[in-house]
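>>> output the structure for:
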Amino acid sequence: MQKPVNSPVQHVDVVIIGAGISGISAAYHLQKNCPNKSFAILEGRDGIGGTWDFFRYPGVRSDSDMFTLGYSFAPWNGGKMFADGPSIQSYVNETARNYAIDKEIRFNHKVKKANWSSEKSSWTLEIEVPGIERYVTYSCNFIFGCSGYYDYDKGYEPEFAGSETFKGEIIHPQHWPKNLDYADKNVAIIGSGATAVTILPAMAKAAKHISMVQRSPTYIVAVPDSDLVSRYLGPLLPSRLVHAINRWKYISLVTLVLKMSQWAPKFMRKAIRENAREILGPDFDVDTHFNPRYKPWDQRLCADPDGLFYKSIAEGKASIFTDEIECFTAKGLQLKSGATVDADIIITATGLKVIAFGGVEYAVDGKAFHVNDAWSYKGMMFSDLPNFIQCFGYAQAGSYTLKVDLTCQYACRLLGLMDQQGYAYCVPRNDDPNLEESDAFSTLTSGYVQRARQQFPKMSDKAPWRRNENYFLDLLETRFRRIEEKGLIFYRVDEVYGEEDAPAA
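Take a look at the predicted model:
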């Protein structure tokens, strides 16, 4: 077992864990709003971009518009509204270079453990670095957790009877082989989520035929892959102004669609089916294959840029089977209805595995911290975990980066207040024994969410122990509401500071 090295501990004020889209955002906001703070970004892999540097399957792209998935401070000028993975990875890299953030990244530094010392008011991190037998050790006063929530080592793969008898290749999108030849081959995709919806039209261009097998349908909405404001006003207005206009436009649009889905689910369900029917034609059985059991936005809507997913089906390049798999066979899949699907390649787009804190083991004063025992504070912090902010984007209310941006701004406000008042550290504390836990994930029916419920903190319907899925409400709370409020306790050296002693706002 590795042990910390005996060399001097490297210290910075703030450690950012992860150099993905949220880690670069955190670094930007720190540089801008807390210029007196030293920081380092510890990245376990050898590149910038996180998800967008990792996934390499055909057609990998954003499922949110780039005006909101992109940074508020770095206009997206990539053309398409739903950018492909390499373009997003390039955009994140360019942003890091433009703001000299790349100079603060320590690549191949995988944080394994982090222990908080109340006596020292600091974190000690044990870091695995290739080629070094023992852990490299860092210390810091504050941690920004920006490692996302995917388990990069392994995706979710349910067991299928007879899979060992299949004579072709079985591939999970998370581990896509280089130079896979699928030209003129029959391909079966298992799954109906965003990954499957992305892969199908991309592979249909070269494959002999694509068959998507779904146990239950997903809401898929055909949308334009270009933006009218950018097309017509882009040549006339500054890029930052066009970016700002589009950002607010799509924040408002997504919020409206989400609220309409909650207020008028029958209307939205019908509207989405009609959207599919316009491309697939009146003879296609939309009610069987694209009429989910759940309400719109109980899972995120899948975007279909320029309707290419639906067009692949309408043109006969792809087929949909809404059925359950009986077993794999030597030549493909046997379905419970009796139908068979011939395949040379089977893609198991069956979902992702969630891993809390990117796999980092946290402890407070030597005692292991378990996230499922903690309460979520504003969807950004955890009860009894000091000087820690988690950048975790929206599951429903919009693009991932929108929530990250607000979280980073709140974190900088918090750090500024602590410096002004001389506080050594802060920690959320729930002192209400009667606080009722809400079933916050009951409406989020996505498989990866339901499978990982034990890795999430407890939440309430009562502030501040709730997580909002509303950008405008979060905007008010994170930018304008006072930091010193109930539930967040501040400590000076040898002194406890709580709400009852707080100065007036």
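
>>> can I take it that Leu187 is in a strand?
No, residue 187 isn't Leu; it's Val. Yes - counting by DSSP: H, G, I helix; E, B strand; the rest coil, Val187 is located in a strand.

>>> from Asp63, how far off is it?
21 Å (Cβ to Cβ, to the nearest Å). For the C-beta atoms, the positions are set from N, CA and C on the backbone; glycine is no exception.

>>> these two: which is more packed in?
Between Val187 and Asp63, counted using other Cβ atoms under 10 Å, the more crowded position is Val187 (26 against 19).

>>> what residues does the more buried one make contact with?
Applying Cβ atoms under 8 Å, 6 or more residues apart in numbering to Val187 gives the contacts 203, 207-211, 343-347.

>>> hmm, who's touching the host helix or strand of Asn246?
Using DSSP states H and E, the element containing Asn246 is helix 239-263. Residues from elsewhere that reach helix 239-263, judged by Cβ under 8 Å, 6+ apart: 65, 67-68, 70, 72, 75-77, 227, 229-230, 233-234, 267-268, 295-297, 301, 396-399, 402, 469-472.

>>> so for it, what gets flagged as buried?
Neighbour-count burial for helix 239-263, counted by 16 or more other Cβ atoms under 10 Å, picks out 242-243, 245-247, 249-251, 254-255, 257-258, 261.

>>> downstream of it, the next helix or strand is which one?
Counting by DSSP H and E, what follows helix 239-263 is helix 265-280.

>>> go through that next one and flag the buried ones.
Those would be 268-269, 272-273, 275-277, 279-280, for helix 265-280 by 16+ other Cβ under 10 Å.

>>> now the helix holding Asn246 and helix 265-280, what's the angle there?
120 degrees (axes from the mean of the first three to the mean of the last three Cα atoms, to 10 degrees).

>>> in the stretch 201-350 of the chain, which spans are strands?
209-214, 220-223, 302-305, 318-322, 325-329, 332-335, 340-342, 345-348 (DSSP state E, counting those that start in this stretch).

>>> looking at these, which is nearest to Leu417?
Closest approach to Leu417 among the strands of the stretch 201-350 of the chain is made by strand 302-305 (39.1 Å; Cβ to Cβ).

>>> longest strand in the chain, please.
Secondary structure of the chain per DSSP state E: the longest strand is strand 136-145.

>>> what stretches of the stretch 301-450 of the chain score poorly on pLDDT?
Scanning the stretch 301-450 of the chain for pLDDT under 70 picks out 439-450.

>>> 80 - rerun?
Along the stretch 301-450 of the chain, segments meeting pLDDT under 80 span 352-354, 395-397, 439-450.

>>> what about the helices in it?
In the stretch 301-450 of the chain, the helices defined using DSSP state H, counting those that start in this stretch lie at 308-314, 400-421, 447-451.

>>> and the angle from the longest one to helix 239-263?
What it means is helix 400-421. Calculated by the same axes, to 10 degrees, helix 400-421 forms an angle of 110 degrees with helix 239-263.

>>> counting contacts, what elements does helix 400-421 pack onto?
On a contact count with 3 or more Cβ pairs under 8 Å, 6 or more residues apart in numbering; DSSP states H and E, helix 400-421 meets helix 21-33, helix 66-69, strand 136-145, strand 388-390, strand 425-428, helix 471-479.

>>> switch those over to a markdown table; also include mean neighbour count and distance to Glu164.
Formatted as a markdown table, those follow (neighbours: other Cβ atoms under 10 Å; distance: least, Cβ to Cβ, whole Å):
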| stretch | mean neighbour count | distance to Glu164 |
| --- | --- | --- |
| helix 21-33 | 24 | 38 |
| helix 66-69 | 25 | 40 |
| strand 136-145 | 23 | 39 |
| strand 388-390 | 25 | 40 |
| strand 425-428 | 22 | 49 |
| helix 471-479 | 17 | 47 |
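
>>> nearest to Leu335, out of those?
Among the helices and strands packed on helix 400-421, the nearest to Leu335 by Cβ to Cβ is helix 66-69 (36.1 Å).

>>> next, the buried residues of the helix or strand that that closest one is followed by.
Next along the chain after helix 66-69, taking DSSP H and E as the criterion, comes helix 85-98. Under the neighbour-count criterion of 16+ other Cβ under 10 Å, helix 85-98 has 85, 87-93, 95-96 buried.

>>> ok, Met380 - contacts?
389-392, 407, 410-411.

>>> swap the cut-off to 10 Å and go again
Applying Cβ atoms under 10 Å, 6 or more residues apart in numbering, we find Met380 in contact with 145, 388-392, 403-404, 406-408, 410-411, 414, 428, 464, 467, 474, 477-478.

>>> partners of Val364 in the sheet?
Trp116, Lys367 (DSSP bridges).

>>> list the contacts of it.
114-118, 123, 384-386, 388, 427.

>>> among those residues, name the buried ones.
Counted by 16+ other Cβ under 10 Å, the contacts of Val364 give 114-116, 123, 385-386, 388, 427 as buried.

>>> pLDDT below threshold where in the chain?
Applying pLDDT under 80 to the chain picks out residues 1-8, 78-79, 148-156, 234, 299, 352-354, 395-397, 439-455, 493-505.

>>> contact partners for the residue nearest to Gly307 when sequence neighbours are not counted?
In this structure, Gly307 finds its nearest non-sequential neighbour in Ala222, 3.6 Å apart by Cβ to Cβ, 6 or more residues apart in numbering. Listed by Cβ under 10 Å, 6+ apart, the contact set of Ala222 reads 272, 275-276, 278-280, 303-311.

>>> out of those residues, flag the one nearest to Gly358.
The closest of these, once distances to Gly358 are taken by Cβ to Cβ, is Ala303, at 26.7 Å.

>>> for that closest one, list each beta-bridge partner.
The partner residues for Ala303, given DSSP bridges, come to Val221.

>>> that one touches Pro201, doesn't it?
No - if you go by Cβ atoms under 10 Å, Ala303 and Pro201 don't touch, sitting 11.9 Å apart.

>>> now the common contact residues for these two.
Shared contacts of Ala303 and Pro201, defined by Cβ under 10 Å, 6+ apart, comprise Phe309.
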